[in-house]
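Student: What follows is a protein structure lacking sequence information:
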């Protein structure tokens with residue numbers, strides 16, 4: 001079992017305008033709730049849907065992981081009105097944000113909480129925050145709320161030894177192509193496409209195109225190289241079959257695992273595998289992924305369908 005980590009962090013920002021004048025601003029971290037984790041990565045719903053609506057709340061109680069509502073005000077939830085371009089923060093880190101604009105107020109209103117939902121009424125409360133002080137809205141105010149998400153990859157190498165029939169195969173697991181998907185301003189995305197369509201993942205359905213290549217070449221590439229940097233040979237096996245299994249979410253743990261299982265007896269790789277290239281591609285990115293490199297001893301080619309690689313990714317939410 002090989003592990004890598006992706007940390008997702010969220011925060012709210014808000015602005016209040018009245019007659020074209022900025023009257024008040026605020027910024028506060030949010031909590032991602034259990035109701036989100038129970039649903040995310042377990043079905044075919046796009047992640048974009050979980051962040052579609054913003055609601056206002058009156059309760060002054062602290063946000064709890066098991067919350068499913070925020071005691072709403074009389075105001076209707078605001079529909080997402082725009083998504084900010086993904087901004088490059090550092091190698092392996094990106095941020096994007098959604099905007100929600102509420103109608104011009106006709107009466108006074110006190111807001112104590114902000115929440116993000118997947119539906120205009122009811123639905124899943126994905127994120128919530130208790131404001132540090134009440135937001136007192138007056139007639140004529142226009143409230144704009146922004147919800148930001150930062151995705152951070154743990155880009156450090158993972159190393160270990162895989163032993164098969166007495167043969168020790170030391171490996172290095174490394175993220176690849178960390179900059180290429182940000183080269184084109186029209187195609188920028190985080191590696192997990194947090195705001196795009198088609199993100200739902202089940203064991204048989206996934207939003208990203210998962211491409212697995214077993215390459216005989218034993219070159220270890222850098223973080224910013226892509227899979228084409230590993231020269232292919234006639235014996236390489238592309239698109240080896242795999243299954244994706246999401247783990248059950250345990251309340252209040254703030255992480256969820258996805259496990260990819262790949263049988264490595266597939267493909268014509270007579271010399272064995274020097275690299276296993278795992279790339280995720282979508283209409284919004286250029287094959288983000290990672291490589292598992294065996295630079296000393298290749299994984300031997302075994303025609304045994306009972307043997308397989310299991311690769312587990314853990315998604316965690318920072319708050």
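Tutor: Ah, there it is. What you see is a predicted model; the values in this text were computed from it and never measured.

Student: Point out where the chain drops to low pLDDT.
Tutor: Where the chain drops to pLDDT under 70, the residues are 1-6, 40-48, 85-86, 179-212, 237-242, 244, 263-269, 280-287, 302-305, 315-319.

Student: after the longest strand seen in it, next one along is what?
Tutor: The residue-count maximum for a strand in the chain (DSSP state E) belongs to strand 2-18. Next along the chain after strand 2-18, taking DSSP states H and E as the criterion, comes strand 21-29.

Student: from the middle of its chain, how far away would stretch 17-36 be?
Tutor: Relative to its chain's centre, stretch 17-36 lies at 22 Å (C-alpha atoms, centre = their mean, to the nearest Å).

Student: Look at that stretch and report the distance between its end residues.
Tutor: 31 Å (C-alpha to C-alpha, to the nearest Å).

Student: check contacts around the closest residue to residue 223 other than its chain neighbours.
Tutor: Leaving aside its sequence neighbours, residue 223 sits nearest to residue 178 (C-beta to C-beta, 6 or more residues apart in numbering; 5.0 Å). For glycine as for every other residue, the C-beta is placed from the backbone atoms N, C-alpha and C. With contact taken as C-beta atoms under 8 Å, 6 or more residues apart in numbering, residue 178 is in contact with 91, 92, 153, 155, 223, 224, 288.

Student: Can you identify each of the strands in the stretch 151-300 of the chain by residue range?
Tutor: With DSSP state E, counting those that start in this stretch as the criterion, the stretch 151-300 of the chain has strands at 158-164, 167-176, 209-215, 237-238, 243-246, 255-263, 275-282, 285-293.

Student: I'd guessed residue 87 sits against residue 94; true?
Tutor: Yes: proximity of residue 87 to residue 94 meets the contact threshold set by C-beta atoms under 8 Å, at 6.7 Å.

Student: if you count what's nearby, which of the two comes out ahead?
Tutor: Comparing residue 87 with residue 94 by other C-beta atoms under 10 Å, the one with more neighbours is residue 94, at 23 against 14.

Student: What values do phi and psi take at the more buried one?
Tutor: phi -140, psi 160 (degrees, to the nearest 10).

Student: Check whether it really touches residue 151, as I assumed.
Tutor: Yes: counting by C-beta under 8 Å, residue 94 does reach residue 151; the two are 5.3 Å apart.

Student: Report the inter-axis angle for the longest strand of the chain versus strand 255-263.
Tutor: 140 degrees (axes from the mean of the first three to the mean of the last three C-alpha atoms, to 10 degrees).

Student: In its sheet, which strands sit next to strand 2-18, and in what direction?
Tutor: Strand 2-18 has the following sheet partners, assigned by DSSP bridges: strand 21-29 (antiparallel), strand 141-153 (antiparallel), strand 308-318 (parallel).

Student: now the angle from the longest one to strand 167-176?
Tutor: Here strand 141-153 runs at 150 degrees with respect to strand 167-176, directions being taken by the same axes, to 10 degrees.

Student: ok, back up a step: most neighbours among the contacts of residue 178, which one?
Tutor: Neighbour-wise, these (other C-beta under 10 Å) top out at residue 288, 23 neighbours.

Student: I'd guessed that residue sits against residue 279; true?
Tutor: Yes: taking contacts as C-beta under 8 Å, residue 288 lies within contact range of residue 279: 6.9 Å.

Student: okay, and the common contacts of these two?
Tutor: In contact with both residue 288 and residue 279: 176, 177, using C-beta under 8 Å, 6+ apart.

Student: Could you work out the end-to-end span of stretch 217-226 for me?
Tutor: With C-alpha to C-alpha as the measure, stretch 217-226 spans 14 Å from end to end.

Student: How about stretch 95-114?
Tutor: 20 Å.

Student: For it, buried residues please.
Tutor: 95-102, 105, 109, 111-114 (16 or more other C-beta atoms under 10 Å).
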